[in-house]
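Novice: Here is the input, now give the coordinates:
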Amino acid sequence: MLVAAAVCPCPPLLVPEVAAGAASELDALRDACSEALGALAAARPDLLIVIGPADHAGRGPHPEGATGTFQGFGVDLDVRLGRDREQATDRPLPSSLAVGAWLLARAQWAAAPVEGLGVGEPLETGRCTSTGRDLAARAERVALLVLGDGSACRSLKAPGYLDDRAEAFDAAAARALGAADPGALIALDESLAYALKASGRAPWQVLAGAAEGAGLSGQLLYEDAPYGVGYLVAAWS
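Specialist: Residues are numbered from 1 along each chain as shown. Below you'll find the predicted structure:
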């Protein structure tokens, strides 16, 4: 059963070494992520599952001990998902889960075993919610760290250029996450999300499936669009 969730964005710029001279610009975002992870630890889960968007190579499960790297972003920094264990696969973590591993290491996570799941951005809503229900049944007390960004179309310099629909989409997602409302997350339009390059849509809908019937309450901890990308942080407990 799902007992807690933290929702965080996953830009590699969250890692100060990647952001370099611009690192301080995201300090408030990092602080909000730390607060959300604190809510996870307070729930005392039996299992933590880290979910994030992934390309084809990174989709599917990633065991505890799997490693990722930020070398592709010009930084000689490697991360490990949870504790060091013998790996069942040599697949590297996708970028989103590498950011999640970094957030957990920064928080000195030791509250429960950790697993990862890479989710394809085009995954249709029904499969997202059924995946979430399966994850919630994995242990008596399950927590999720859900990674993904909002729209990437909030300004002229945004990765997806300016789209007038982006702000309303992000606002709807923020309301749903702040209210811990699975139905409102499920109602997010997957085609529109894909057009707006909102990588969080599928992971958020996995969360919605996991949270059905859990009766959790939510708190929105951060909402902004630096660099033209919607970043949202929320804690559910």
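Novice: Thought residue 95 was touching residue 69, still the case?
Specialist: No - here residue 69 does not reach residue 95: they are 9.5 Å apart, not a contact under Cβ atoms under 8 Å. C-beta: built from backbone N, CA, C; applies to glycine.
Novice: More neighbours: those two, which one.
Specialist: Per other Cβ atoms under 10 Å, whichever of residue 69 and residue 95 has more neighbours is residue 95, with 24 against 15.
Novice: So the residue nearest to residue 159 when sequence neighbours are not counted: helix, strand or coil?
Specialist: Distances taken as Cβ to Cβ, 6 or more residues apart in numbering put residue 152 closest to residue 159, at 4.4 Å, once the chain neighbours are dropped. Here residue 152 is recorded as coil under DSSP: H, G, I helix; E, B strand; the rest coil.
Novice: what are the phi and psi angles of residue 152?
Specialist: In terms of degrees, to the nearest 10, the main-chain angles of residue 152 are phi -110, psi 40.
Novice: do residue 206 as well
Specialist: According to degrees, to the nearest 10, residue 206 has phi -60, psi -40.
Novice: so who does it touch?
Specialist: 51, 117, 119, 128, 129, 131, 132, 135, 144, 146 (Cβ atoms under 8 Å, 6 or more residues apart in numbering).
Novice: Tell me if the fifth one really is in a helix.
Specialist: Just to be clear, that refers to residue 129. Yes - assessed by three-state DSSP, residue 129 belongs to a helix.
Novice: any idea how far it lies from residue 197?
Specialist: Distance of residue 129 to residue 197, computed by Cβ to Cβ, to the nearest Å: 22 Å.
Novice: hmm, back to that, could you report the neighbour count for the residue nearest to residue 159?
Specialist: As a burial measure, residue 152 scores 22 neighbours (other Cβ under 10 Å).
Novice: Please tell me how far it sits from residue 123.
Specialist: Relative to residue 123, residue 152 is positioned 18 Å away (Cβ to Cβ).
Novice: ok, back up a step: let me know the closest of the contacts of residue 206 to residue 21.
Specialist: Distance to residue 21 across the contacts of residue 206 (Cβ to Cβ) is lowest for residue 146, with 29.6 Å.
Novice: circling back: nearest to residue 16, of the contacts of residue 206?
Specialist: Checking the contacts of residue 206 against residue 16 by Cβ to Cβ gives residue 146 as the nearest, at 22.3 Å.
Novice: confidence score at the closest one?
Specialist: Note on residue 146: pLDDT of 98.
Novice: Which residues are in contact with residue 148?
Specialist: 7, 9-10, 52-53, 96, 198-204.
Novice: In CSV: the residues you listed, plus secondary structure and neighbour count.
Specialist: CSV is the format used below for the contacts of residue 148 (DSSP: H, G, I helix; E, B strand; the rest coil; neighbours: other Cβ atoms under 10 Å):
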residue, secondary structure, neighbour count
7, strand, 30
9, coil, 26
10, coil, 26
52, strand, 29
53, strand, 25
96, helix, 31
198, coil, 29
199, coil, 27
200, coil, 31
201, helix, 31
202, helix, 28
203, helix, 32
204, helix, 30
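Novice: coming back round to it: list the contacts of the residue nearest to residue 159.
Specialist: By Cβ under 8 Å, 6+ apart, residue 152 lies in contact with 158, 159, 160, 166, 196, 197, 198, 199, 228, 229, 230.
Novice: tell me the secondary structure for the third one?
Specialist: Secondary structure, three-state DSSP: residue 160 is coil.
Novice: ok, which stretches of the protein are helices?
Specialist: Using DSSP state H, the helices of the chain run over 16-19, 27-42, 95-106, 125-136, 166-178, 182-186, 190-195, 201-211.
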